[in-house]
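Peer 1: predicted model and sequence follow; I will ask about them next.
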Amino acid sequence: MKRLMIVATTAAAAAILGACATASPDVVSPYAVQQASTVIDAVVLSVRPVTIGGTQTGIGAASGVALGSVAGSSVGGYRDSFAGAIVGAIVGGVVGNSIERSATTQSGQEIIVQLRNGERRAIVQAVGNETFATGDSVILIYTGGRVRVTKAPVTLMPASPAPAAKP
């Protein structure tokens, strides 16, 4: 029974940690802190919902194998318990893998933007606190090979000084 509790606790911890992974634009990686980012102005051309597939690190499958083999080994006598452990491990691995993938699947959006120079870019990111619509002014923030889209801040200063009047 003690062995089953240890395996169950390990599986629960793995599932919780696996669910913590995110692609949300509202969550900034610790590696992005104190990094200079490139910011590019753009306009939203279109937005469509997508599903960001879950991860398969193997933690879910390994936890399922452990739980399934322990549960399967408690079936019947000595010979039956061995066969039960094997079947339990296989079924547990498949179920654990499926649970991990489902727990890490996210709702996302594909945002197609046009830059000031006319180039177009498509960015997929998890749904965050901001909503985007066609025609919205946005900025693309590039940090460490990753990009995220956010609403453009209000400009308080002109982008370039106005030409001086000639006397």
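Peer 2: Yes, it's here. What you are looking at is a predicted structure, and each value in this text was computed from that prediction instead of being measured.
Peer 1: where does the protein have low pLDDT?
Peer 2: 1-24, 26, 28-29, 31-32, 34, 54-56, 76-80, 101, 104, 155-167 (pLDDT under 70).
Peer 1: so which residues of it form helices?
Peer 2: Counting by DSSP state H, the chain has helices at residues 2-19, 59-73, 78-103.
Peer 1: now do residue 42: how many residues are near it, please.
Peer 2: As a burial measure, residue 42 scores 22 neighbours (other CB atoms under 10 Å). Just so you know, the C-beta spots here come from the backbone N, C-alpha and C atoms, and that holds for glycine as well.
Peer 1: which residues touch residue 65?
Peer 2: 89, 90, 92, 93, 96 (CB atoms under 8 Å, 6 or more residues apart in numbering).
Peer 1: just the buried subset of those residues, written out for PyMOL, thanks.
Peer 2: Applying 16 or more other CB atoms under 10 Å to the contacts of residue 65, the buried members can be selected in PyMOL as follows:
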select buried, resi 89+92+93+96
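Peer 1: just curious, which of the contacts of residue 65 is nearest to residue 109?
Peer 2: Nearest to residue 109 among those: residue 96, at 29.5 Å, using CB to CB.
Peer 1: so which elements touch the longest strand along the chain?
Peer 2: Determined from DSSP state E, the single longest strand within the chain is strand 38-52. Judged by 3 or more CB pairs under 8 Å, 6 or more residues apart in numbering; DSSP states H and E, strand 38-52 is in contact with strand 106-115, strand 120-126, strand 137-143.
Peer 1: and with 10 Å instead?
Peer 2: Applying 3 or more CB pairs under 10 Å, 6 or more residues apart in numbering; DSSP states H and E, one finds that strand 38-52 makes contact with strand 106-115, strand 120-126, strand 137-143, strand 146-151.
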